[in-house]
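J.: sequence unknown, structure follows:
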């Protein structure tokens, strides 16, 4: 486990130290669950054969970002994505107008509109949110759209882990909000790979406070450790 953690910390630091923009992390949530990057979820139309898909965009780093959402149709069916609305501004087609997501915050004033004929076969759409100043800072999910008569559940959501620390940067204390599908350990590591704080957590949602007052200033890594190793590791700055 110690070797795995050190390898993970090194990978995070190599990716995160290159530039300010490289440190940004964008992701999607839906119905209160953070969606794993590259995962597929299933949704279906309302009774009027339209669908307003309303995800949330998460900016898990400290910097404000100006973002866009871009859609791409993967399957050739009758279902179409005909508009993306952010705030009061709606754009026809598969590209949103730019919108701001504050650092360590979420943006949910948006909806993505689909036309779903009653007899249409399911269609998969790729949705990507990206930082307009650095298009490599992005998050992508796939949405499988069904007609109103489909009998389905949501896939790609149940195994998600949500993890967020606020404030970040923090001087003396920070509060971590989490959700996990299994019992695990919430951990904080120094950049040298030394565990400096940990707490056992049960499956479900919760919050816990980390006392940083005795720790030196600098960069730390926090994440959820289970029998499968550390997941959803993120950076925390002690100032």
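T.: Here it is on my side, so go on. In this text, all values refer to a predicted model and were calculated from it rather than measured experimentally.

J.: just checking, what packs against the lengthiest strand in the chain?
T.: If you go by DSSP state E, the chain has its longest strand at strand 134-146. Packed against strand 134-146, as judged by 3 or more CB pairs under 8 Å, 6 or more residues apart in numbering; DSSP states H and E, are the following elements: strand 26-30, strand 40-44, strand 50-53, strand 123-131. C-beta: built from backbone N, CA, C; applies to glycine.

J.: what sits up against the third one?
T.: To tie it back to what came earlier, the one meant is strand 50-53. When contacts are defined by CB atoms under 8 Å, 6 or more residues apart in numbering, strand 50-53 is touched by residues 43, 44, 45, 46, 111, 112, 113, 114, 115, 116, 143, 145.

J.: Next one: the third one from residue 112, what distance?
T.: From residue 45 across to residue 112, the span is 13 Å (CB to CB, to the nearest Å).

J.: The nearest residue to residue 212 once chain neighbours are set aside: neighbour count?
T.: With CB to CB, 6 or more residues apart in numbering as the criterion, residue 212 has its nearest non-adjacent residue at 5.1 Å, and that residue is residue 238. For residue 238, the neighbour count with other CB atoms under 10 Å is 21.

J.: Select from the helices and strands packed on strand 134-146 the stretch with the lowest mean pLDDT.
T.: Across the helices and strands packed on strand 134-146, the stretch with the lowest average pLDDT is strand 40-44; it has a mean of 85.

J.: What angle do strand 134-146 and that strand make with each other?
T.: Interaxial angle, strand 40-44 versus strand 134-146 (axes from the mean of the first three to the mean of the last three CA atoms, to 10 degrees): 50 degrees.

J.: and the nearest residue to residue 108 once chain neighbours are set aside, what does it touch?
T.: Closest residue to residue 108 apart from its sequence neighbours, by CB to CB, 6+ apart: residue 56 at 4.3 Å. The contact partners of residue 56, taken as CB under 8 Å, 6+ apart, are 28, 29, 30, 106, 107, 108.

J.: Can you select the buried ones from those residues in PyMOL?
T.: Only the buried entries of those go into this PyMOL selection, using 16 or more other CB atoms under 10 Å:
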select buried, resi 28+29+30+107
